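Asker: Could you work out the structure for the sequence below:
(chains A and B)
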Number of protein chains: 2
Amino acid sequence: MNGADLLCETLLANGIDTCFANPGTSEMHFVAALDRQPRMRCVLGLFEGVVTGAADGYARMADRPAATLLHTGPGLANALANMHNARRARTPMVNVVGDHAGYHLPYDAPLTADIESLARPMSHWVGRAATADDLGQATSEAIRAAITGAGGVATLILPADAAWTDTAAAVPAPVAAPGCDGPDAAALREAAGALAAGGAVTILVTGLALREAQLDLLDRIAQKTGARLMAQQANGRMQRGAGRVAVDRVPYVIDQALATFAATETVILIGAKAPVGFFAYPGKPSSMLPEHCRVIALAGPDDDLAAAVAALADETGAHGVAAPRHAQRLVPDLPAGALTPDAIAAAIARMMPAHAIICDEAVSSGRDFFRFTHGAEPHDFLQLTGGAIGLGIPMTTGAAVACPDRKVIGLQADGSGMYTVQGLWTQARERLDVVTIVFANRRYAILHGELKNVGITRAVDNARKMLDLDDPALDWVKIANGLGVEAARADTIEGFCDILRAALASKGPFLIEAVI
Amino acid sequence: MNGADLLCETLLANGIDTCFANPGTSEMHFVAALDRQPRMRCVLGLFEGVVTGAADGYARMADRPAATLLHTGPGLANALANMHNARRARTPMVNVVGDHAGYHLPYDAPLTADIESLARPMSHWVGRAATADDLGQATSEAIRAAITGAGGVATLILPADAAWTDTAAAVPAPVAAPGCDGPDAAALREAAGALAAGGAVTILVTGLALREAQLDLLDRIAQKTGARLMAQQANGRMQRGAGRVAVDRVPYVIDQALATFAATETVILIGAKAPVGFFAYPGKPSSMLPEHCRVIALAGPDDDLAAAVAALADETGAHGVAAPRHAQRLVPDLPAGALTPDAIAAAIARMMPAHAIICDEAVSSGRDFFRFTHGAEPHDFLQLTGGAIGLGIPMTTGAAVACPDRKVIGLQADGSGMYTVQGLWTQARERLDVVTIVFANRRYAILHGELKNVGITRAVDNARKMLDLDDPALDWVKIANGLGVEAARADTIEGFCDILRAALASKGPFLIEAVI
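Answerer: Okay, here's the model as predicted:
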């Protein structure tokens, strides 16, 4: 056994049996080790952003990390944007980044780069194995970092000589996930007091508090106390739809977010952060909360959110509430008229199967999706969490690897879809059951809005050149076909509904270009 | 005038009039400033790797930097791999990375990241403007860093509030390029002495020493002294072809590189680094030079290479040599038989027009290109310099923006072409005169070779899953068409020649999928 085998066996001993990969020469001994070990499922991405985005989508649904395999500093660099999203989602992830043999680094060969400096901003943990003998321990540390608290992005640097050197070191015992803290007693009393006082209280949640059981309890608390329940603007995963508690999110648009909290006196945070502007705007505040709003941090992201919700229910007597208020199943009429984002949302709400996984990177086209789908079949809803566009297609890919028996539906803006379009090929290769709906407005619509906000009502030339995608128009059907994925274009809502119905009825990857 | 205007005017005052861009909300005031200033040519890339790769190709041909516009930490992250290549090529580049307003950073909004930590490994200079008033000075410093010595990658972080705040600061005077040092007198004497002694001497060069005039002088030195002239394994730009001095490069394959220098007693470096292995391999050395080989650093990469060559010519009496030995024009026969990389190289050598720009990211398929093209029409040859694949398509894009009257030919491996395939769209949008030849071997062929090197002669399953691209095969014609670029597939050498002839005869972007 060499160091690469030890790394592979340590991953498997911890239940990490899926490796999203884009290898290079310095990882060839790890590739050979993976080839010797059929228990590891290796999934190739044709670009590293696909690899980490897929690992993110996988772990959000599997509730355990995947490994990734990346090639030296530049390969890691390509992977960083989706590591950033995973870090914001608190997704567990174990990245293995190959590097030159330690003795080769001083020669500054072309691919040499400061991997640690690149990895640190997008990782909760960064480590480097020194020798083959170290690799069991180093891998265990990476896994521990990935599964601690809400979850973390761990990046383990694997020097080629540590991979290729023989070792007699044993595979370490599986890592036990460190326990999480329950809620702080003082914060719990303060929260219960605020709820008892009956002012305008918002309970703001994210993470595991957005799973079905926690939402039921949270709604009981809301019923008992009159508080408002709300989710963060962006969340790694929400369970929603008919038969579940309907929760709205903090709006993305700053004026709407400010209005949402204008009358709020107290915010109780469970896993969530106090809401801030996605961007700064001249003359507008950074915090979305009114100046005198009290913020009670009942549970931080790394605390035991289920315990915090249960304790708050105890403290408020919410267990006595008969039943949570669940969204009723609501089947919208078949939409008619123009092919708009709202019409598309209504069509999806009508047709999506139970237990679908919705991955949302629709950006400006997806903002009203929620109000159409509170009563859709129960589903999981996965979002772009860090604002780094290019997560959508990879996230659907990874979610489909994790959940082969569930239909995955990607809501995909065209501008952001182009960042990691290569992920479609992985869907074809792995025969993944993903329907990607591209909202083809042929522009960076979100930026057109922002340009108006800064006072440019009519772009002259350079702004148009940087914000419009219409010359030439992207042909998503051809792009998808070229990557091995069946596709069709819809220009009318009737055409869209026909295509969506067929795509949902069959298995395997399909892309719909919805020209809106 | 606000800070963004001041930044834009400072770039223009320094002759930087091309900006490759992929903007976001935090750069919207800079977008507005660019929209007010039609002298700046803004070129959109649909992914940031396209942006920096194009800026690299542009500057290699224009001999002056382009600006780039990137969106916060994740946008920079996507740009890093091609910044790495530019850093290795010593390409001048001025990156402008938008960030949140300074006062917004402590709120840790979703896109917040440690931009400096990300930028540093791939930049020669990293700076941040504090206020709008600073921006003229900060931009000048970035430009100075970009044009100092051989050239450098400068990354200027632009906080949104520095961009949007009004300023009365004047546009600074244009930056004067700092002078370069001539050769060290002692090194010059040592080099001349080694050449006079008549042992096995290799003069190893890169950078500006690979331009026509320097090559003429270097060949005279070689004739006079019997030394061998050679270029680095990877070089930003070489002038070559008929009527120019033919120079070979250090081979990529380690055993070939070792053999190349096995008998070498002295290496004289002019801009080049002493040759090292691209990767480390068990039991093989990191340096490609024999243990007792003397290394004389006549001129470092930031020194005046033309002055160093001239001084060495003086010192060796090479000016007395009648004429440099130029490659004769050699028109290969039309190739016949199988469609192989060699046949493709012969076809290109036969058909390429004078003053074409060849951008090489053919990886394993391009290794023999040189021997077919020493006698082709004179051309510039641009290489992947840092090993970070995904430079090819962007580099052709930028070179074509810099040289609209020259035909650009991309030699593109299929695996690496997928990393930044989005660049084809920019070629269509800007009507760039680029012919991209995709060597479609449908595998990471270079890694199959490396896998054999580590003892796996027959991949079982996981290795095959990570190294083969044949399931499904990429359809490059459809992908290119989907991105707005005309394309055709060739399965035979006759078909390839017909398509290449037609593509070279017409203007505008075209892609040839050569199934090899």
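Asker: ok, residue A:282 to residue A:254 distance?
Answerer: Separation of residue A:282 from residue A:254 (C-beta to C-beta, to the nearest Å): 11 Å. From N, CA and C alone the C-beta is placed, and that goes for glycine too.
Asker: Settle it for me: which of the two has more neighbours?
Answerer: Between residue A:282 and residue A:254, residue A:254 has the larger neighbour count (other C-beta atoms under 10 Å in any protein chain shown), namely 19 against 13.
Asker: residue contacts, the nearest residue to that one once chain neighbours are set aside?
Answerer: Computed as C-beta to C-beta, 6 or more residues apart in numbering or on different chains, the closest residue to residue A:254 that is not its neighbour in sequence is residue A:277, at 5.2 Å. By C-beta atoms under 8 Å, 6 or more residues apart in numbering or on different chains, the contact list for residue A:277 reads A:254, A:257, A:284, A:285, A:286, A:287, A:288, B:104, B:107, B:109.
Asker: how about a cut-off of 7 Å?
Answerer: A:254, A:284, A:286, A:288, B:104, B:109 (C-beta atoms under 7 Å, 6 or more residues apart in numbering or on different chains).
Asker: And for residue A:340?
Answerer: residue A:516.
Asker: pLDDT at it, what is it?
Answerer: Per-residue confidence (pLDDT) for residue A:340: 96.
Asker: Which residues of the stretch 51-200 of chain A lie near chain B?
Answerer: A:73-74, A:77-78, A:80-81, A:84, A:88, A:100-101, A:103-104, A:107, A:109-111, A:113-114, A:117-118, A:120-122, A:160-161, A:164 (C-beta under 7 Å from any C-beta of the partner chain).
Asker: Of those, select the buried ones using a PyMOL command.
Answerer: PyMOL command restricting those to the buried ones, with burial defined by 16 or more other C-beta atoms under 10 Å in any protein chain shown:
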select buried, chain A and resi 73+74+77+78+80+81+84+88+100+101+104+107+109+110+111+113+117+118+120+121+122+160+161+164
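Asker: For the stretch 351-500 of chain A, which segments are assigned as helices?
Answerer: With helices called from DSSP state H, counting those that start in this stretch, the stretch 351-500 of chain A shows them at A:369-373, A:392-402, A:414-417, A:423-429, A:445-453, A:462-467, A:476-482, A:493-505.
Asker: Need the winner for burial among those helices.
Answerer: Mean neighbour count (mean count of other C-beta atoms under 10 Å in any protein chain shown) peaks for helix A:392-402 among the helices of the stretch 351-500 of chain A, with a mean of 31.
Asker: who does that one touch, helix- and strand-wise?
Answerer: Where contact means 3 or more C-beta pairs under 7 Å, 6 or more residues apart in numbering or on different chains; DSSP states H and E, helix A:392-402 is packed against helix A:48-62, strand A:356-361, strand A:408-413, helix A:414-417, helix A:423-429, strand A:434-440.
Asker: Is any residue of the second one near chain B?
Answerer: No: against chain B, strand A:356-361 shows no contacts by C-beta under 7 Å from any C-beta, the least distance being 13.4 Å.
Asker: So what are the sheet partners of that strand and their directions?
Answerer: Strand A:356-361 pairs in its sheet with strand A:379-383 (parallel), strand A:408-413 (parallel), by DSSP bridges.
Asker: Columns mean pLDDT and mean neighbour count on top of those strands, output as TSV?
Answerer: Converted to TSV, those look like this (pLDDT from 0 to 100; neighbours: other C-beta atoms under 10 Å in any protein chain shown):
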stretch	mean pLDDT	mean neighbour count
strand A:379-383	98	25
strand A:408-413	98	28
